[in-house]
Structure formats: structure tokens, C-alpha cells
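Asks: Predicted coordinates and the sequence they were generated for:
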Amino acid sequence: MELPRLHFFTFLFFNTVFVSLQSKEQVLLDMRSSGGELGWLTLPYENGWEIVQTVVNGSLFYTYSVCNIDSTEQDNWLRTTFIQRRPGTTRVSVELRFAVRDCNTFDGASVSCKETFNLFISEADADVGTNFRKGQFRKVATIAPDEVTRGRMLKVNTETRTVGSLSRKGFYLAFQDLGACVGILSVRLYYKTCPSTVQSLAVFPETVADALREVEGACVENAVSQATPRIYCSAEGEWVVPVGQCQCLPGYETTGDSCQACKPGYFKPSVSFELCQVCPDNTKPSAAGATQCQCEEGFFRSPSDPVTSACSAPPSAPRDLTSTTLSAEGRLQLSWSAPLVTGGRSDLSYSVLCEQCDRGSCVPCGEKIRFEPGPTDLQDTTVIVSELDSHLNYTFTLEVHSGVSQYSALRPTTAITTALDYTDPPKVTLIHLDDCSPTSLSLSWALSRRPPAHISHRYELMYRRKDGDGERDVTTYTVLILEKSSVHINDLTPDTTYMFRVQALGPEGSSGSYSTEYEFHTLPLGESQIQNPSTMVMGAVAGVAVILLVVVAVLLLRKRRLRSHRRGGPEDPYFSSDQLKPLKTYVDPHMYEDPNIAIQKFVTEIDHSAVNKLKVIGVGEFGEVFRGVMKTPGRGEVAVAIKTLKPGYSEKQRQDFLSEASIMGQFSHPNIIRLEGVVTKFKHAMIVTEYMENGALDIYLKDRDGEIPTYQLGGMLRGIAAGMKYLSDMNYVHRDLAARNVLVNSSLECKVSDFGLSRVLEDDAEGTYTTRGGKIPIRWTAPEAIAYRKFTSASDVWSFGIVMWEVMAFGERPYWDMSNHEVMKAINEAFRLPAPMDCPSAIYQLMLQCWQHDRSTRPRFSDIVNILDKLLQSPESLTAIADFDPRVSIRLPSTSGCDGTMFRSVPEWLDSIKMSQYNESFARAGVTSMEQVLALRHEDIRNIGVRLPGHMKRIAYSILGLKDECSPLSVFAV
Ligand code: AMP
């Protein structure tokens, strides 16, 4: 029996596989690692279980075996020592590794040979020592091998059994053999735990794995949770179904399984899963663990601002508070700009306080005053104030509010003291006849609104006799300036209809619009008065007519039929048309007896300190013209031209000087020089206009001869025509339209200027005294205006034709050096200026139209603008060039010769075509005789140094002309 046993166990040890244990298993007993005598009890003491000692890899191992297969009635017990139960454990697992010999491998083995053994347990509260009693053990399981060992190869089986419901302090395990050949290689006794863990920032302790068990956790340091976090420990020792979670405290953020303080410069304001954020704008750098970042000096948070928001500064005061009187009665609008410093906030709102202040003491305006949309919490930068009294001054204090405005050291306010200020006078809505007699009429009129108490309006009343239909000989207008809204007019013709119009004048002389024209009839002689007797009495001049200015503009209208197809343009300024056009009609300042009234009416007064003269740029009739700057409230500093009145002027000269401003002040058009205003309340009167960087058009073109493309020249002409159309629509006749009186700005826009009334007579150097007296710029003036002073928009059209020629010829003098007398003669003989070099045919045709002798057949300015627009819209229409004859274009008809022999020298020839600047170049190139000139080819001219295309053409054409035969001046005639 010995041999097989030894043999068996020898194999057993050499084939054992060691398995490491998992940490989740808490081992109560491990036979293999005990390393010494286990001290287990065997029963019977001999011939039952035996202990076998084996050294493997230097370590001592013990195993138990039994193999009593040939004798029947075997009952061998092997009992462990007392094993303490760990508190909390009710179950233990028993892992057995064992081998069982196949009974068939034993020859003649008894039929009682077994291949199983039994596992028992017995609980006890104390170690009972060797006091072993079978009856105290209960069977746990019969242990059967999955594989029995047959040959030399040991088949090791592993079986794990869980023993539950343990309750006493400890227990014994026992193995019962009933006749098998079995070796127990190892017994491992353990219970399972769910290991200590951190889940969602909650710590859960190591927990014995029993049946599913709920475990409560605790938040890690610097974390909190709303409800106790929980998790389940399964019987297999696994954590399952966590419930609830912890979050880091303010100032801490989650880093792995812990909460770490925010780094300096970062903050976290609340219990949350969020990470720390960088401190917002305008805050001081924070220390570690900050829950918020404090505002920097001078910056604040409003109570409603979250700590995560940037700190903001209190707003500065609102700016540019202005008031505008609205046309509706008693209303004004306050407007302002947002403060310069908004402090980076968007919650700005404004409130307005209205006070009436008198010598330093202020009282609130009271509840009568209304604000739209309200006095407080204004989001927009305007408010409308109504129910104001027109005779009172109000102080409005505007305050800006923001979330942090209360932290401002100064109240961010701005104030304005203002009163209703109606810039446009009220409209005269109705003229009423109060009384009448054969020679007088009493009228009164109603206004669109009541004038404020402190403003006394004046009225301008115009009346005239109503003419019969058709022709009229004389039209006389009388203008009265009145201080009251009623008038009594005497010295009228009996039984006659009179036409009346009235307009109210503002305090500065500004005018509203005229009322419609009313007709009233004087009574026939001998008829009694039928009107209201009370007004009749009143009518006798009560406070009437303070200033009778008048003007009698007597315009002799020729007795001629008003042809229906007649040109509609204003033939005679102001009174020519039957239907007068108030407001849109130019008013001759000389209609006013006192020209100062015209100045007041049409011109803005500028404070002299706002104007700064910088450099003289020209000389006008009355004094120097300066370039300068003017300070304006809305536009900052603007460049201006300043015309001055030289010292020692007479009152008449002063008025003439300023009359240009009262004319210019009536115009507003992009192609008319804009008047900024006048300085009259300073000893040196000045007229301030917009500044035109490129100066007068004639000089501008001369300086750029041949350099400006035709298309651009066309655009300039179009601008001048548009300005002239505007003037003619206003019934204004310029009389001195010429390139020298057109100014050019930096954008090459052309603007018509020079509106002095005496200018044509005295100012213009081109003016020539005609036989009828008075100066006229002959070369620019239509024949009828020269002959009998018929200045009309049609004569302006003639002048425009000359300007067209000047422009296309780059500032060439019209009719060159012909005398005025020669010019007048040529024109009367139907000669016209020839086309300038390179002039598009269509443009030249338009010039010729402007120079029609019969003024009624000349185009109107509106036609000219349309034609130029069309030409500019299709530039190909400008490609056909008008015939150009150098002989007439470059030489005067009276002095032109038929070949080059008329020039004695090359310089003389160059001078005649205004190209003297090339004298030296020609000399240097050795071209010293006219024969050489006639032989020049295109490349030769270029090689001499003529590069500009315009100059090149001029010289080439001239040579061409010199070569040609002399021809009659046919092209010069129309
Ligand atoms: P006037 O008295 O209008 O003929 O002006 C005399 C000269 O002053 C003109 O020929 C221009 O050279 C110059 N000038 C007049 N007004 C202006 C202006 N608004 N801008 C630039 N230059 C001007």
C-alpha cells in the first residue's frame, strides 16, 4: 500500500499550479501558504488521513491524503483548526484543489472503492481543541472530481463551495473519506468584499460581499452632496448602482477623485461640477481657492451682476444734450449722445428732470409737463417733452444710470437750459377781409400756431393788382413788413381786385412759406362800406406797418403774345411767371429797402471767433479771399473759403459785398457753391463758403491741358449744367457764367459761384462797357443780352455753351485774342467757335445749339442735363470726334495764314499754339526752321520730348494745318 501512495503524491506536487489571489478575497485560511504543520485533527488517528510533507522550490508544503481502498467500512475524518468568523461575514467560500484516483486503476480493488469525499462544517463559539464529535458537524457537500487520475498524470480538480448562514464566533471544517484514494492539495477559505472605493467624489468603505447590500458613502474632502450618496455591494464583491453624487465646494474643482483648490488667478463661485475659471476683466488677481475675484480699484459689480461677470466702471455723463423745438405747439425734443465711458455696460438708461430756475433757485416743473416715453428709465437717447409754456425757460437735467452708476463719485449728469424756439415761423393759414372802402382794405390773418409770448413775429405781405387775362403792361408788387397780424391798406384804386399773400417771418428773419394768394376787391366809388363796423374803426392803422419797405419791381413786359410753345424757362426773374413759386423762387435782395433784412432772412450769422483765416488764395472785388477753417458744432473743423471786405469800405460797398451772401444763401445744390454763413457783427465783414480745393475751373484746366479724359470733362460739364438748371428753376439768371466763375473741389465736382449783384457791371475783368453802359463779359454773353440787356436763362445757356468750349479746349480763351468788337461782329455774321481739338461731335453739336441766335430755340438747362446724361451713360456716343481744323482752332481767323511761311521762327510758331514750353526742346533737337517743322513726323515730335498726348496732338495738328492749303472759314460758321 505504501508504494502506490508515495507514487501518487510525488506526482501531485510536481504538477501543482500556483494562482495568485485577488484582493477582493479576504483569506481566512490557506493551507498552502501556512508553511508549517497545520495541526489538523485526523480520526482515526492512524490509518486515516495522512499528512504529506513536500519541498517544492525550497518551500515546504503540506497535503493530506487517504487511500484505504481495499478495506471496507472506511470513515476517515480530517478536521481543521478553529477558524474565527470575521464580524459581518455570514458566508465563507471554500476552495478545494484535490485529485482522486480512478478505482479501476487498482487491480482487485474492493467494490467499496470510492471516488468522492464529503465536506462538513461545525460552528462553535470557542475552540473545542481535540474534542471532536462527528454529531456536531453538518454536511455541506459531496465533493466529486470532474476528472479522476488514471495514469501518472495527476488530474487536479478545483471545487468551490460557499457555506452560508454563519452566526457563531467560529467554525471547523471537516473532510470525510468513505474509502476513496484522494489527496487534498489545498484548502483556501475566504470571504469576498467590495473594496473601498471613490465614486462620484464619494468614498465608500470596504464592504463584505453578502447578498446585495446598500452602502452609504461620504463625500471626499471639500465636496458636498445634497443626499447621502449610496451604492450597492453585490454578493460577487462588485459595486453596483451608485445613487447620488458629491460636488466640490466653491473655490475647489474636481481633479480625479478629489477636490483641489482653484489656482491663483482662478475662481469658482459655487458648489458645482464646473472647473475654476480665469478671473474676469477688471478684477484683481485672486489667491488660491478663490470663490470670486474682487473688482479692481474704480470698478464695480452691481448687486444683480453675477460674480462671474467682469467688473465695470460707472458711466460718465451723457453728452451733447440738445433741444429742438418741434412744430407741434409746446413740444420739444431733447436728444443726447451716450456717455463717452459706458463702463462696458449695456444696461444704460436715462432719466430727465425738469426744473424752472430763476436766479439760482430751481423748482420742479410740476406734473403738467409730459414726457414721452417717460421721464425715467429711458433706453433711447431722445425724449419728447410736451405741455411746455412758450415764455418760460426750462432746465433739463439728464442723468445716466447703469448698474454701477451709484458708485460714481460724481453724479453722471448733464443739463441744458432751454426755451421753446420756433425756428420756422408759423404758417399763415387764412387771410380775412375785415373792412373795405373804395380806396382801402383791412385785412387780418390767422396762423397755424400761436406764437410764443416772448417772440413777436413779423409778417411780410405782398400785394399786387390783379391783371386781366392775357397781356399786361406793368406789374407792381408792394411788399410790407408788418409787426401785427392785421393791416389797413390805403390809396388803393376803387373797384379793383388785389391779390394778397402773407408769410410770417421768424426772429432771425427766417421765413415760413407764403399763404396761398387771396383776392379782395375795393368798393366802387360812392358805394358805402359794408363790412364789420368795429373792424372798420380798428382798421384805421391800428399799429400797422412798421416798416414799409417796398419794392416796386416794375418789369416791362413786352406787349407780345405769350406763345404756348414758348420756352418755359424763366425769361425774367421773379415776376415773370403768372404762377409765382414761393420758397423755390430766388428773391432779389434789392427788393428789400434795407438789405440787412435780406441778410437776416437768408444767411446764418457766424461768430467771428469760429472762423480762422489761414492763407490768401485769391483776390475778389471787395478784398482778399482766404483759405481757412471754421469750427462748427456738428461737423468739427471744416475747411472754408473766406471772402473779406477790405477796410475803408462805404456802407453801399458793404451791402453790395453782403448781397452775394444773401443770394448764395438762398441756394442749396451740390453744384452751387455752398454758403456757410457770414460774419457781419464784427468790424471786418466776411462771407464764408465751402472750400474748393482745386480753385477756378479755367486755371485748373489750363494746368492739365490734354491730361483729363473726355469722359471726365463731360462729367464736369454735366455738374455745371445741373447747377445752372437749379438756378434757372429758381428764376435766377447768373449773367456771368464762365469757367473762371466755376470752382472745382478735390473730388473734381464743379460748382457755380460768383453771385455778386454788381459783379457783371463792375467786378469781372472780362466786363466791357457796352454802348448802353454797364459792363458785360462779351465773349460769354448772348447777342440779345449784349444788344439790349435781355438777360435770361436762355442767355445763361449761351454762356454755358462757351463754358463747354472752354472746358473741351482745356481753358483756352474763347475767340483767342480777337478783340471784343471782332467777336461781336463775327457772332452777328453767324460765325461760331470751331470745335476744340478732340472734342466729341455730340458735345460740339450741343455747344452750337446753345449758340442759336434765336434764344427760344436754344435748349433749356434741363434739356442740356438730359443730353449730357445720355452721352455719359453711353460713352461710345463720345467716340465720334468733331471735325477739327487747326487753322481756325489754333490761329485767329484774322491772322491765320495758309502755310508755315507766316511764322518767322519756330518759337513764334510754338507761341502761337501755346506750346512755348517746348522752345528749348526743339532747339536742342536742332529743329530751328519752319521747313524742318513741316517735315516732322509723329515719332520725331515724341523724340524731341513732347510726351503728353494733348500736347502731342496740338503740335501734330498744327503741323498738319500748316501743310494744308488755306481754306475759307466755313467750319467756323453755322
Ligand atoms: P471771387 O471773388 O469769388 O471771384 O474769388 C476770387 C478767387 O478766390 C477765385 O478765383 C478763386 O481762386 C478763389 N476762391 C473763391 N472762392 C473760393 C472757394 N470757395 N474755394 C476756393 N477758392 C475760392
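Replies: Okay, I see it.
Asks: I'd assumed residue 931 was in a helix, is it?
Replies: Yes - Residue 931: assigned to a helix according to DSSP: H, G, I helix; E, B strand; the rest coil.
Asks: for the stretch 401-550 of the chain, which spans come out with low pLDDT?
Replies: 422-424, 448-456, 468-476, 506-512, 526-550 (pLDDT under 70).
Asks: Give me the buried stretch members for the longest strand along the chain, please.
Replies: Criterion DSSP state E: the longest strand present in the chain is strand 181-194. Under the neighbour-count criterion of 16 or more other Cβ atoms under 10 Å, strand 181-194 has 181-194 buried. Just so you know, the C-beta spots here come from the backbone N, C-alpha and C atoms, and that holds for glycine as well.
Asks: Show me which of the residues you listed is closest to the ligand.
Replies: Among the buried residues of strand 181-194, residue 194 lies closest to the ligand (Cβ to the nearest ligand atom), at 96.2 Å.
Asks: Check whether that closest one really touches residue 233, as I assumed.
Replies: Yes - under the criterion of Cβ atoms under 8 Å, residue 194 makes contact with residue 233 at 3.7 Å.
Asks: who touches both of those two?
Replies: 207, 209, 215, 239 (Cβ atoms under 8 Å, 6 or more residues apart in numbering).
Asks: Include pLDDT and distance to the ligand when you put the residues you listed into TSV, please.
Replies: Compiled in TSV, the shared contacts of residue 194 and residue 233 are given as follows (pLDDT from 0 to 100; distance: Cβ to the nearest ligand atom, whole Å):
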residue	pLDDT	distance to the ligand
207	89	98
209	84	101
215	92	95
239	88	92
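Asks: Highest neighbour count among those residues?
Replies: Within those, most neighbours by other Cβ atoms under 10 Å means residue 209, with 24 neighbours.
Asks: tell me the contacts of that one?
Replies: 24, 191, 192, 193, 194, 233, 234, 235, 236, 237, 238.
Asks: Model confidence score at the last one, please.
Replies: Listed pLDDT for residue 238 reads 86.
Asks: What sits closest to it if chain neighbours are left out?
Replies: Distance criterion Cβ to Cβ, 6 or more residues apart in numbering; nearest residue to residue 238, sequence neighbours excluded, is residue 194 at 6.5 Å.
Asks: Please name the bridge partners of that neighbour.
Replies: residue 207 (DSSP bridges).
Asks: Spit out the contact partners of it.
Replies: 24, 204, 206, 207, 209, 215, 233, 234, 237, 238, 239.
Asks: I'd say the first one and residue 192 touch.
Replies: Yes - counting by Cβ under 8 Å, residue 24 does reach residue 192; the two are 5.6 Å apart.
Asks: list the residues that contact both of these two?
Replies: What both residue 24 and residue 192 touch, as defined by Cβ under 8 Å, 6+ apart, is the set 209, 237.
Asks: and the chain, which residues reach the ligand?
Replies: 617-618, 620, 625, 641, 673, 689-692, 695-696, 743, 753-754 (Cβ under 6 Å from any ligand atom).
Asks: Please identify which of these is nearest to residue 483.
Replies: Proximity to residue 483 was ranked across these by Cβ to Cβ; first place goes to residue 689, at 33.5 Å.
Asks: helices or strands next to the helix or strand where the closest one lies in the packing?
Replies: If you go by DSSP states H and E, residue 689 is part of strand 686-690. On a contact count with 3 or more Cβ pairs under 8 Å, 6 or more residues apart in numbering; DSSP states H and E, strand 686-690 meets strand 636-644, helix 651-664, strand 675-679.
Asks: how does it look with 10 Å?
Replies: strand 611-619, strand 624-632, strand 636-644, helix 651-664, strand 675-679 (3 or more Cβ pairs under 10 Å, 6 or more residues apart in numbering; DSSP states H and E).
Asks: quick one on the thing from earlier: following the longest strand of the chain, which helix or strand comes up?
Replies: strand 197-199.
Asks: Residue 352 touches residue 383, doesn't it?
Replies: Yes - at 5.7 Å, residue 352 and residue 383 qualify as touching, with contact defined as Cβ atoms under 10 Å.
Asks: Looking at the shared contacts of residue 194 and residue 233, which are in helices?
Replies: Of those, none are assigned to helices by DSSP state H.
Asks: The residues you listed in strands, which ones?
Replies: 207, 215, 239.
Asks: Kindly reformat these as a markdown table and extend each row with distance to residue 647.
Replies: Shown next, in a markdown table, are those (distance: Cβ to Cβ, whole Å):
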| residue | distance to residue 647 |
| --- | --- |
| 207 | 112 |
| 215 | 108 |
| 239 | 107 |
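Asks: How about the secondary structure of residue 494?
Replies: Residue 494 is classified as coil under three-state DSSP.
Asks: gap between the closest residue to it other than its chain neighbours and residue 158?
Replies: Nearest residue to residue 494 in three dimensions, chain neighbours excluded: residue 438, at 3.7 Å (Cβ to Cβ, 6+ apart). Distance of residue 438 to residue 158, computed by Cβ to Cβ, to the nearest Å: 147 Å.
Asks: Which of the residues in stretch 410-424 are classified as buried?
Replies: Quick answer for stretch 410-424 (16+ other Cβ under 10 Å): 412, 414, 415, 418, 419, 420, 422.
Asks: Dump those residues into TSV; add distance to residue 603 as well.
Replies: Output for these, formatted as TSV (distance: Cβ to Cβ, whole Å):
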residue	distance to residue 603
412	39
414	31
415	31
418	24
419	24
420	24
422	19
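Asks: Out of these, which is nearest to the ligand?
Replies: After measuring these against the ligand - Cβ to the nearest ligand atom - the closest member comes out as residue 422, at 32.3 Å.
Asks: what's the most distant pair in the contacts of residue 209?
Replies: Maximum distance among these (Cβ to Cβ): 14.7 Å, for 191 and 238.
Asks: what's the farthest-apart pair in the buried residues of stretch 410-424?
Replies: Going by Cβ to Cβ, the pair spanning the buried residues of stretch 410-424 furthest: 412 and 422, at 31.8 Å.
Asks: Wasn't residue 918 part of a strand?
Replies: No - counting by three-state DSSP, residue 918 falls outside a strand, being helix.
Asks: Who are the contact partners of it?
Replies: 906, 907, 910, 924, 925, 927, 941, 944, 945, 946, 951, 955 (Cβ atoms under 10 Å, 6 or more residues apart in numbering).
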